[in-house]
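following is a predicted model, sequence given first.
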Amino acid sequence: MALSTEQALALLLILNSAHLTAVYCLFSLIPVACPPLDRVAVSGSAGGRSVLPCSYTPTPGQDIEVTWHTYPDQGESVLLIYKSKTHSAPIPAQWSGRVKLSDEVSSGNASLLISELRLEDTRYYTCTVGINGICVTIRAVNLTVQADCPSQDPLPVSCSAGGRAVLPCSYTPTPGQDVEVTWYTYPDQGKAVLLIYKSKTPSAPIPAEWRGRLKLSEEVSSGNASLLISELRLQDTRDYTCTVGINGICVTNRNVKLTVQGPPKRDSTTATTQKTSPCPTQQGNAAAQRRSYCMKPL
C-alpha cells in the first residue's frame, strides 16, 4: 500500500519520536488516533521573537506529553523540547535560554516561543502531542527568520575583464562575538547563489564558476568583510549581496552592482592606460571611488 507524501512525513516524524508510545495501524504504520499532518508557515525578524503554534483538545486528568523537534537541512532531527508529567529533556545549547513552552499546555496550548531569533533558526519544526501515549496532534511549522538590519545603498563597482575587483562590505566589530559573513550573487533569473559563507563552522563550497577566483578579506574580525574577485569575466556582471551577522543577528546588508567591461583596444593610447589601471578611464569623485575597487591582474 503506497504512502502519500503527508503519510510518509508523518511516519518519519513518529519514528524519530521514540518516546511517544503510539498505536499504529497494521498496514499503513500511521498512528490511528493522530490526525493528518498539519502545516503552517511562520516568519520573524532577527533579534525578535516568534511563536510556533500548536494546539489540541485537552482531556482533563489525562497524561499529556508534548514534544518539539527541529529539522536541519541535512542530518537527523534534533529534540528541541520534551515535556511530560515525569521529566523534560535538556534543551540543546543552540536554543538554551531562548525557547519556552507555553504555560497553558494543560489547557490545549502547546505552542513554543523562540526569543532572540537568529538567521540559522530558519528551518522546520514539528510538534507532537500525545494523551495517554496516543498521538492526537502532529503539526509542522516552517519558520523563516528575515534579516532585519540596516540596508545600505547599492554601490556600483566597474572594472575590466581580466583584472580584479574588491566588493566592499564592512561592519562595526564586537570583540569576542560570533561573526558570520555571507556573500550571495543574484543572476538574471533563478534563485540566489551562495558564493561564500564564513563563521566558526566550515565555509560553504564555492560554486565552480567562481572556484579559485574568490577570496574573503583576512580582516573579517576587524570589520572588513569585503570580497576579492580575480580574473574578472564579462559574465561576472551582476548584483552581489553581503550580509554580516553577530551572534545570529544581522548587522550589515550591503548590495554591490558589479559591471565588468571588455578589455581596451590594443593601440598605443589604451596600452599606456592599461599599464596603470585595468579600470575604465572616468572622471569625477564617484568615478575615482569606483576605480579604487579595481586592481591590476596578478
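Happy to help now that I have it.

what about Ala93, how many residues nearby?
7 (other Cβ atoms under 10 Å). C-betas here are computed from N, CA, C, even on glycine.

from Pro60, how far out is it?
Distance, Ala93 to Pro60, using Cβ to Cβ, to the nearest Å: 36 Å.

low-confidence stretches in the stretch 1-150 of the chain?
For the stretch 1-150 of the chain, the stretches with pLDDT under 70 are 1-34, 73-75, 86, 147-148, 150.

strands of that one, start to end?
For the stretch 1-150 of the chain, the strands defined by DSSP state E, counting those that start in this stretch cover 38-45, 50-52, 64-71, 78-83, 99-101, 112-114, 123-131, 134-146.

who does the first one touch, helix- and strand-wise?
Other helices and strands packing on strand 38-45, by 3 or more Cβ pairs under 8 Å, 6 or more residues apart in numbering; DSSP states H and E, are strand 50-52, strand 134-146.

can you add distance to Thr241 and mean neighbour count and give the ones you listed back as CSV?
Below are the helices and strands packed on strand 38-45 laid out as CSV (distance: least, Cβ to Cβ, whole Å; neighbours: other Cβ atoms under 10 Å):
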stretch, distance to Thr241, mean neighbour count
strand 50-52, 24, 19
strand 134-146, 14, 20
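
now tabulate these in TSV and tack on distance to Leu119.
Listed next are the helices and strands packed on strand 38-45 as TSV, based on distance: least, Cβ to Cβ, whole Å:
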stretch	distance to Leu119
strand 50-52	13
strand 134-146	5
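
out of these, the one nearest Thr252 is which?
Distance to Thr252, taken as Cβ to Cβ, is lowest for strand 134-146 among those, at 14.8 Å.

so in that sheet, which strands flank that closest one, and in what orientation?
strand 38-45 (parallel), strand 123-131 (antiparallel) (DSSP bridges).

okay, buried residues for the last one please.
Yep, that's strand 123-131 we're talking about. Tyr124, Tyr125, Thr126, Cys127, Thr128, Val129, Gly130, Ile131 (16 or more other Cβ atoms under 10 Å).

contact partners for the first one?
Under the criterion of Cβ atoms under 8 Å, 6 or more residues apart in numbering, the neighbours of Tyr124 are Thr70, Tyr71, Ala140, Val141, Asn142, Leu143.

switch the cut-off to 7 Å
Tyr71, Ala140, Asn142 (Cβ atoms under 7 Å, 6 or more residues apart in numbering).

out of those residues, which one sits closest to Tyr56?
Scanning these for proximity to Tyr56, where the rule is Cβ to Cβ, the winner is Ala140, at 14.8 Å.

how about the strands paired with strand 134-146 in a markdown table, adding distance to Glu76?
Below are the strands paired with strand 134-146 laid out as a markdown table (distance: least, Cβ to Cβ, whole Å):
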| stretch | distance to Glu76 |
| --- | --- |
| strand 38-45 | 21 |
| strand 123-131 | 13 |
